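> Could you work out the structure for the sequence below:
(one chain, ligands or ions: 1)
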Amino acid sequence: MPERSITPLIVVALLLGTIFALRSLNPPSVAPVPVPSAPVLTPDKVPLVTGDEPIAEIFTKAGCSVCHTVPGIPGADGRVGPPLIIRVTGPVRLADPAYQGHAKTVHDYVIESVLDPGLFVVPGYPAGTMPTWYGAKLSALAMEKIASYLERQGGNAAQ
Ligand code: HEC
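Residues are numbered from 1 along each chain as shown. Next up, the predicted model:
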């Protein structure tokens with residue numbers, strides 16, 4: 001008689017033990033999937049860009065390539081900021097009712113975007129991510145070459 005009442009208890013205990021053991025072998029995966037964050041680019045990582053460098057080197061030296069895809073620049077395949085097809089996107093930005101900057105030409109829009117990126121944040125992209133210290137890193141010549149190059153990228157003139 002006592003055996004009869006003990007047996008189910010043993011079975012339950014064994015079952016619980018097995019479930020517990022299996023659970024600890026296979027813990028539920030609660031590790032959060034890491035959210036890709038913007039690469040951190042600090043001024044000390046960027047040397048002065050004189051503008052005497054070949055155009056591709058200007059973009060890579062300045063670190064633009066980390067965050068932007070730039071047509072014609074090898075390795076410039078960043079996805080944090082918009083692709084720099086400014087010949088196409090520049091006029092769209094200037095016509096955006098939310099645009100509060102001072103540029104009247106696409107060329108000046110590029111310069112403004114680099115030197116004062118907070119003036120207009122491209123819709124769909126994170127604010128406060130584009131570095132604000134490029135004025136201290138890019139010579140006037142480098143800035144000019146960047147603007148002249150980018151205003152020709154996109155559409156049919158993307159060479
Ligand atoms: C750490 C990432 C990062 C780096 C480095 C960076 N940018 Fe940006 N850039 C962004 C993001 C994000 C935006 C979009 C949000 C905004 O408008 O601020 C942007 C916007 C721009 C725009 C406006 C684009 C448009 O479609 O209207 C231009 C032009 C630009 N960047 C040029 C450059 C150049 C040139 C360099 C290098 C000298 C550079 N960026 C370096 C992140 C970056």
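> and the residue lying closest to P91 once chain neighbours are set aside, what does it touch?
Among residues not flanking P91 along the chain, V106 sits closest, at 6.4 Å (CB to CB, 6 or more residues apart in numbering). For every residue, glycine as well, the C-beta is placed using N, CA and C. Contact analysis of V106 by CB atoms under 8 Å, 6 or more residues apart in numbering lists 86-87, 90-91, 94, 151.
> Which of the residues you listed has the largest number of neighbours?
I86 (25 neighbours; other CB atoms under 10 Å).
> mind checking the end-to-end distance for stretch 125-137?
Stretch 125-137 has its terminal residues 23 Å apart, counting by CA to CA, to the nearest Å.
> Could you do stretch 135-154 as well?
Stretch 135-154: ends 25 Å apart by CA to CA.
> Other residues contacting that stretch?
Under CB under 8 Å, 6+ apart, the answer for stretch 135-154 is 43, 46-53, 55, 58-59, 62, 64, 70-72, 84-90, 106-108, 110-111, 114-115, 158.
> PyMOL command to pick out the buried ones of these?
Command for PyMOL, covering only those of the contacts of stretch 135-154 found buried under the criterion 16 or more other CB atoms under 10 Å:
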select buried, resi 46+49+51+53+58+59+62+64+70+71+84+85+86+87+89+90+106+107+108+110+111+114
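> Quick check on P74: phi, psi?
Per-residue torsions, P74: phi -60, psi 130 (degrees, to the nearest 10).
> need the residues of this structure near the ligand, please.
38-39, 41, 62-64, 66-68, 80-82, 84, 86, 89, 93, 110, 113-114, 117, 121-122, 125-126, 129-131, 134, 146 (CB under 6 Å from any ligand atom).
> rerun that using 5 Å as the cut-off
Residues of the chain lying close to the ligand (CB under 5 Å from any ligand atom) are 41, 62-64, 67, 80-82, 89, 93, 110, 113-114, 117, 121-122, 125, 129-130, 146.
> Give me the buried subset of those.
By neighbour count, with 16+ other CB under 10 Å, the residues of the chain next to the ligand hold 41, 62-64, 67, 80-82, 89, 93, 110, 113-114, 117, 122, 129-130, 146 as buried.
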